[in-house]
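In: missing the sequence, but the structure's below:
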């Protein structure tokens, strides 16, 4: 099986300062990879390179075997779901219209959009009857994040990128939503790339964990093997976890 | 109550002028929005454009409005006199708040929302129209509202360049020292500003529909009619009366349609407008043409002055001096009658020794002009302890009557002189040159419509100084309608 996402010796620099350097990895279709690291370690940059919000300064990022720079960025991004920590729901759109964003950009017929929105809201545990017509400001933080996930899934993308999506939630809500998300992940079988600074979250959600420090990918290992790593950065995360 | 009565009596004219004002502001704001919104958006897209665009809008905003109108008059296509110049100026003034608020509003959209939109695969256009503009709309509209309120105010100054609007009342009121007229302009202007602000608040809620409606109204109202003869005048009562007189005379003696651009802001405005074809005729004074336009030294010989200006205007500007109307409106030095009586002052020479204790107040033109204050002070050895106060011509009458100044320069035909208890001092050294009133007309206009020359000839030598003073007083002192005063006068003119 070929890699759905592939980094070949990728670097990204801004004003001569490297944010990511010498990064190479493969992600197989259906895999879930969690990039773990401190603030400024380059994990969000890595994520943005996948949907071409930024382009590599050197090296190649391939999605479905094709360089991102050869993709039409708009087509590429509509095939990739994207959830960010601040969620970025459109405050002037109802929940329904937020979730329907990509399908309506893709000009799906009304009826199909409507049933898809209902399906997705139910999937993320929000009753469409109650929530469809609400505005984002009328929702709690956890509810908003669910809407954000539903929106990312709307056009049935094969890849889902999640940038600390649960970071702003309180501990209990976060723990609930993490478990629900893991179940969702199993049912959907999508390729997911997840960014977090929370090792617990990485263990709950990730098949593989990639550890980043100062723009370098130090290790990319199955979750079970991550505990055995000897690198000081890995030990630092494990110690704070235990 | 007197003001309300006055406004009620003149409601038709006030309403008409208010509409003019409104249309002028509406067109300007639409154009300013059509320019300002894209510029504001461009600034959010190209950071390098931000500084130059904002700098331009800032500089324009700091130019005093009257000066901006002055700059625009000689410029072809966008300048001249009339509504077009006013609209150009109003557009320039409205740009800053619109550009700035568009830029601020869009820049202020939460970056997370923008990133989510881009990450979701929205194109830049989709992001702009579906997300950024809707979210920035409140701020953008606040800018348009501010611009509109400013424009309603600035548009009152547009009357100085013949654009009409509520400023006409204000300017006329100032030159006639009639506070009812000033209020008749100022109250509707303030009301209009408040209503515009309120109305736009409502528009904000039903953005697109109402915008279409406004566009349609403006498009309809800006349809223009056939060619017309344009009569101008400067901004004091006598000029307005004479302008109205030329207009009525042409209307009753010919089949031509006349547009009135009365109350323009001074000699240079009228002259430039006549040269560039924005005006077809106005009344000028021989002495003014000689010194203010031709920049020649003053002369005391009326016939020589008339011949000089006639020849020079003909060859240099293509403008014809027709027959003089018959009166000489020279400068007049005016003091309070009470002072003149107690000090036994009859001539300017008599008054000279008293000037050490007096304050003078003069109009802008008088202070600047060669044949104005500088020469006067030299000829009569006037010695004011402080420099003369600069004030509007109309206001200076009020100022001297209320003892704020003691010595002013007015016009010899001014009706307010006796009405306010003032007196003209005799120019015993014949300092002031002749200022015979003569209608000026563009050569191109009389060649095309020779009947205008005939109509003007019928007025030649028909107005004496006394008659002019009486008409001025009827307007300034008795607050009679200019049109009526002129109509009555023309009815008695013998062919």
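Out: Received it, and whenever you're ready, just let me know what you need. As the structure is a computational prediction, the values presented were derived from the model and not from experiment. Residues are numbered from 1 along each chain as shown, chains lettered A, B, ... in the order given.

In: Show me where chain A has its strands.
Out: A:3-14, A:17-28, A:32-37, A:58-63, A:66-67, A:80-84, A:159-163, A:191-196, A:208-213, A:216-222 (DSSP state E).

In: of all those, which lies closest to chain B?
Out: strand A:80-84 (3.7 Å; Cβ to the nearest Cβ). For the C-beta atoms, the positions are set from N, CA and C on the backbone; glycine is no exception.

In: from chain A, which residue is nearest to chain B?
Out: residue A:88 (2.7 Å).

In: Point me to the helix or strand that includes the nearest residue to that residue once chain neighbours are set aside.
Out: Among residues not flanking residue A:88 along the chain, residue B:116 sits closest, at 2.7 Å (Cβ to Cβ, 6 or more residues apart in numbering or on different chains). Secondary structure from DSSP states H and E places residue B:116 in helix B:111-119.

In: quick one: contacts for residue B:233?
Out: B:239, B:240, B:242, B:243, B:244, B:261, B:262, B:263, B:264, B:270, B:282, B:283 (Cβ atoms under 8 Å, 6 or more residues apart in numbering or on different chains).

In: So which bits of the helix or strand harbouring residue B:472 are buried?
Out: Using DSSP H and E, the element containing residue B:472 is helix B:465-476. Buried positions in helix B:465-476, judged by neighbour count with 16 or more other Cβ atoms under 10 Å in any protein chain shown: B:467, B:468, B:469, B:470, B:471, B:472, B:473, B:474, B:475, B:476.

In: Make TSV out of these and add pLDDT.
Out: Output for the buried residues of helix B:465-476, formatted as TSV (pLDDT from 0 to 100):
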residue	pLDDT
B:467	88
B:468	90
B:469	83
B:470	87
B:471	91
B:472	88
B:473	87
B:474	89
B:475	86
B:476	78
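
In: closest to chain A among those residues?
Out: residue B:475 (58.0 Å).

In: How confident was the prediction at the closest residue to that closest one other than its chain neighbours?
Out: Nearest residue to residue B:475 in three dimensions, chain neighbours excluded: residue B:237, at 5.0 Å (Cβ to Cβ, 6+ apart). If you check residue B:237, the pLDDT there is 84.

In: now swap in residue B:217 and tell me
Out: Reading off the model, residue B:217 has pLDDT 54.

In: just residue B:21 next, same as before
Out: Reported pLDDT at residue B:21 in the predicted model: 89.

In: out of everything not next to it in sequence, what's closest to it?
Out: Leaving aside its chain neighbours, residue B:21 sits nearest to residue B:165 (3.9 Å; criterion: Cβ to Cβ, 6+ apart).

In: which element is that neighbour on?
Out: With DSSP H and E as criterion, residue B:165 is part of no helix or strand.

In: That one contacts residue B:20, correct?
Out: Yes - using Cβ atoms under 8 Å, residue B:165 is in contact with residue B:20, at 5.1 Å.

In: So which of the two has more stuff around it?
Out: In this view residue B:165 and residue B:20 are compared by other Cβ atoms under 10 Å in any protein chain shown, and residue B:165 has more residues nearby, 28 against 21.

In: Let me see the backbone angles for that one.
Out: phi 90, psi -180 (degrees, to the nearest 10).

In: Which residues are in contact with residue A:36?
Out: So residue A:36 contacts A:43, A:196, A:197, A:199, A:202, A:209, A:210, A:211, A:212, A:237 (Cβ under 8 Å, 6+ apart).

In: Could you list the low-confidence segments of chain A?
Out: Along chain A, segments meeting pLDDT under 70 span A:1, A:242.

In: which one's the longest helix in it?
Out: Using DSSP state H, we find that the single longest helix of chain A is helix A:171-188.

In: For it, which residues meet the burial criterion?
Out: Those would be A:173, A:174, A:177, A:178, A:181, A:184, A:185, for helix A:171-188 by 16+ other Cβ under 10 Å.

In: List the contacts of the fourth one.
Out: Yep, that's residue A:178 we're talking about. Applying Cβ under 8 Å, 6+ apart to residue A:178 gives the contacts A:166, A:201, A:204, A:205.

In: let's see it at 10 Å
Out: Shown in contact with residue A:178 (Cβ atoms under 10 Å, 6 or more residues apart in numbering or on different chains): A:165, A:166, A:169, A:196, A:198, A:200, A:201, A:204, A:205.

In: Quickly name whichever of those is closest to residue A:150.
Out: Closest approach to residue A:150 among the contacts of residue A:178 (Cβ to Cβ): residue A:165, at 12.0 Å.

In: Quick check: chain neighbours aside, which residue is closest to the closest one?
Out: Per Cβ to Cβ, 6+ apart, closest to residue A:165 is residue A:83, 4.5 Å.

In: tell me which residues form a beta bridge with the one you found?
Out: Beta-bridge partners for residue A:83, by DSSP bridges, are residue A:162.

In: from memory it sits against residue B:119, does it?
Out: Yes - between residue A:83 and residue B:119 there is a contact at 8.8 Å, judged by Cβ atoms under 10 Å.

In: Any idea which residue is closest to the centre of the chain?
Out: In the absence of a named chain, chain A is used. Centroid-nearest residue in chain A: residue A:162, 1.7 Å away (criterion: Cα atoms, centre = their mean).

In: that's the wrong chain, I meant chain B
Out: Note: chain B centre (Cα atoms, centre = their mean) maps to residue B:160, 0.8 Å.

In: who's in contact with the nearest residue in space to it that is not next to it in sequence?
Out: Sequence neighbours aside, residue B:265 is the residue nearest to residue B:160 in space, at 3.4 Å (criterion: Cβ to Cβ, 6+ apart). Going by Cβ under 10 Å, 6+ apart, residue B:265 touches B:66, B:69-70, B:73, B:81, B:157, B:159-162, B:171, B:234-235.

In: cutoff 7 Å now
Out: B:160, B:161, B:235 (Cβ atoms under 7 Å, 6 or more residues apart in numbering or on different chains).

In: From chain A, how far out is it?
Out: Counting by Cβ to the nearest Cβ, to the nearest Å, the gap between residue B:265 and chain A amounts to 48 Å.

In: pLDDT at that residue, what is it?
Out: Looking at residue B:265, the pLDDT reads 75.

In: for residue B:165, same thing?
Out: The model's pLDDT for residue B:165 equals 85.

In: now do residue B:330
Out: Residue B:330 is given a pLDDT of 84.

In: any idea how far it is from chain A?
Out: 69 Å.

In: and if you look at residue B:312?
Out: Counting by Cβ to the nearest Cβ, the gap from residue B:312 to chain A is 67 Å.

In: Please apply the same query to residue B:162.
Out: From residue B:162 to chain A the distance is 46 Å (Cβ to the nearest Cβ).

In: for residue B:254, same thing?
Out: Distance from residue B:254 to chain A, by Cβ to the nearest Cβ: 62 Å.

In: At the contact with chain B, which residues of chain A appear?
Out: By Cβ under 7 Å from any Cβ of the partner chain, the residues of chain A that approach chain B are A:51, A:53, A:74, A:77-78, A:82, A:84, A:86-88, A:90-92, A:101-102, A:105.

In: try 6 Å
Out: Applying Cβ under 6 Å from any Cβ of the partner chain, we find that chain A lies next to chain B at A:51, A:74, A:77, A:78, A:82, A:86, A:88, A:90, A:92, A:101, A:102.

In: The fourth one contacts residue B:121, doesn't it?
Out: Pointing back at residue A:78 there. Yes - counting by Cβ atoms under 6 Å, residue B:121 is a contact partner of residue A:78 at 3.6 Å.

In: okay, and the common contacts of the two?
Out: Common contacts of residue A:78 and residue B:121 (Cβ atoms under 6 Å, 6 or more residues apart in numbering or on different chains): none found.

In: returning to what we had before: I'd like to know which elements the helix holding residue B:472 is packed against.
Out: Where contact means 3 or more Cβ pairs under 6 Å, 6 or more residues apart in numbering or on different chains; DSSP states H and E, helix B:465-476 is packed against helix B:237-253, helix B:482-492.
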